[in-house]
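J.: what follows is a predicted protein model with its sequence.
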Amino acid sequence: MMCKDKVALVTGAAGSGMGRSIALTLAREGAKVVVNYRRSEESAKAIVNYIRSCKGEAITVRADIFTADGCQELVDATIERFSQVDICIVGPGGGWHPEPIDRLDKNGVLEDINHEVAPIFYMMSSVLPSMYNRKWGRLIGIALHPTKLPPVYSYNVGKAARTQALLLAQDQAWKNGVTVNVVAPGPVPEIISLEEAIEQCNHGLSWQKRSTCSPQDIAESVAFLCSETGRFITGCVLPFSNRNLVSPD
């Protein structure tokens, strides 16, 4: 198990996207997992129940990571249950507002950028001090492919700001035993059901027959970066292509 006994806090883990697959995969690799959610309590509990059914350890924590208080509540609940945070995954960010630049909703643009960078700043100040004390930690943000950008200006600006916020932290973090990385996919299709997400996590038929990037691909990369195998990887922007694979003749 690549992350045995590490405590992993996964933000936005109760939906049908990358967060859920990351939570399932880190649990598969032996981590104690905190499944963060804002509204999807039932989905969060279903994920935790599955992890516990596999003899893993997991809890749900409702918190709004776009606020300083929400991030602190999330970290405090994690420490209360598991004593520490070893791994912090920041997923949710800005919205999807495809206005042309000459007709931007200025308030919407600023909100998108804030939603991308605020969780990074809030979580860093909450989790890095104790990681520094233990000389071990993993901080990973989900951002955007560096060159294959969607035609959404404010979304792209926000993701670029998130990426830079993380990369500019790498040197100080590295001096204190913490790696900081960015996983950068293009648009990734959701996995609709928890059952299929579990099957992909377990490398079942749905995983084996996938023809484009799946949330599980993202989750596998996160698990690797969190492992001892990835201990010397920091400041990485790991891109994923979402183009369909060409079937062999």
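T.: Happy to help now that I have it.

J.: mind naming the longest helix for the protein?
T.: If you go by DSSP state H, the chain has its longest helix at helix 106-134.

J.: which strands or helices does it pack on?
T.: If contacts are counted by 3 or more C-beta pairs under 8 Å, 6 or more residues apart in numbering; DSSP states H and E, helix 106-134 sits against helix 68-82, strand 87-90, strand 137-142, helix 153-167, strand 178-185. Heads up, the C-betas are built off the backbone N, CA and C, glycines and all.

J.: now do it, average pLDDT.
T.: Helix 106-134 comes out with an average pLDDT of 94.

J.: need the contact list for Pro151.
T.: The neighbours of Pro151, taking C-beta atoms under 8 Å, 6 or more residues apart in numbering as the test, are Pro98.

J.: how much space separates it from Leu144?
T.: According to C-beta to C-beta, to the nearest Å, Pro151 stands 13 Å off from Leu144.

J.: can you check Ala63 too?
T.: Noted for Ala63: a distance of 24 Å to Leu144, by C-beta to C-beta.

J.: between those two, which one's more packed in?
T.: Using other C-beta atoms under 10 Å as the criterion, Ala63 and Leu144 rank with Leu144 on top: 25 against 22.

J.: and the more buried one, what element?
T.: Assigning secondary structure by DSSP states H and E places Leu144 outside every helix and strand.

J.: please name the nearest non-neighbouring residue to it.
T.: Counting by C-beta to C-beta, 6 or more residues apart in numbering, Leu144 lies nearest to Lys159, which is 3.7 Å off, once chain neighbours are set aside.

J.: what do you get for Asp5?
T.: Closest residue to Asp5 apart from its sequence neighbours, by C-beta to C-beta, 6+ apart: Gly30 at 6.4 Å.
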